[in-house]
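# how would this look folded up:
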Amino acid sequence: MSSSSALCVGVALALIDRHCADPGFGPSELARRLNVSERMLQRHFQTLGETPGHRLLGRRLELARARLGAPQQGQGGQGIAGIAFDAGFNDLSYFYREFRKKYGITPGAVVRSPVERCH
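Model (predicted):
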């Protein structure tokens, strides 16, 4: 990986971490902020073995899982839908499908299972 490619990927990963909860933030917005084409951004991500969209999806799922497993704080606890939307998802069925695909369990199982919260 060239130094310019490594720099681009590093900045892209930082932007994904910073903006993953924004449902309007996607690969096209990421490419625009980096001033590169979407295709060039995909080429930079090839060395990671994934696409920018897949990395963003993974971060959103990680964020949602962490929030689902967090102890509820009094009456202010959010439901699964609220957590999904706050993690950057704007389609609840897509969230459930991708969550189950990645973790092998439903979001509700994470909420109900104290064992899952330890991971």
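# Tell me the secondary structure at residue 36.
Following DSSP: H, G, I helix; E, B strand; the rest coil, the label given to residue 36 is coil.
# doesn't residue 8 make contact with it?
Yes: counting by Cβ atoms under 8 Å, residue 36 does reach residue 8; the two are 6.8 Å apart. The C-beta positions use only the backbone N, C-alpha and C, and glycine is treated the same way.
# what sits in contact with each of the two?
Shared contacts of residue 36 and residue 8, defined by Cβ atoms under 8 Å, 6 or more residues apart in numbering, comprise residue 44.
# So if I had to pick from those two, which one is more boxed in?
Neighbour comparison, residue 36 and residue 8: the larger count goes to residue 8, with 20 against 16 (by other Cβ atoms under 10 Å).
# all helices for the protein, in order.
3-19, 27-34, 38-45, 52-69, 80-86, 92-103, 107-112, 114-117 (DSSP state H).
# need the contact list for residue 36.
Taking Cβ under 8 Å, 6+ apart as the criterion, residue 36 is in contact with 8, 44.
# What's the separation between it and residue 94?
Shown here: residue 36 relative to residue 94, a distance of 27 Å by Cβ to Cβ, to the nearest Å.
# Over to residue 42?
Taken as Cβ to Cβ, the span from residue 42 to residue 94 is 21 Å.
# In terms of packing, which of these two has more residues around it?
Remark: of residue 42 and residue 94, residue 42 carries more neighbours, 16 against 12, as counted by other Cβ under 10 Å.
# got the contact list for stretch 56-67?
Defining contact as Cβ under 8 Å, 6+ apart, one finds that stretch 56-67 is touched by 16-17, 20-21, 25-27, 30, 50, 78, 83-84, 86-89, 95, 98-99, 102-103, 107, 110.
# any low-confidence regions in this protein?
Where the chain drops to pLDDT under 70, the residues are 1, 72-77, 114-119.
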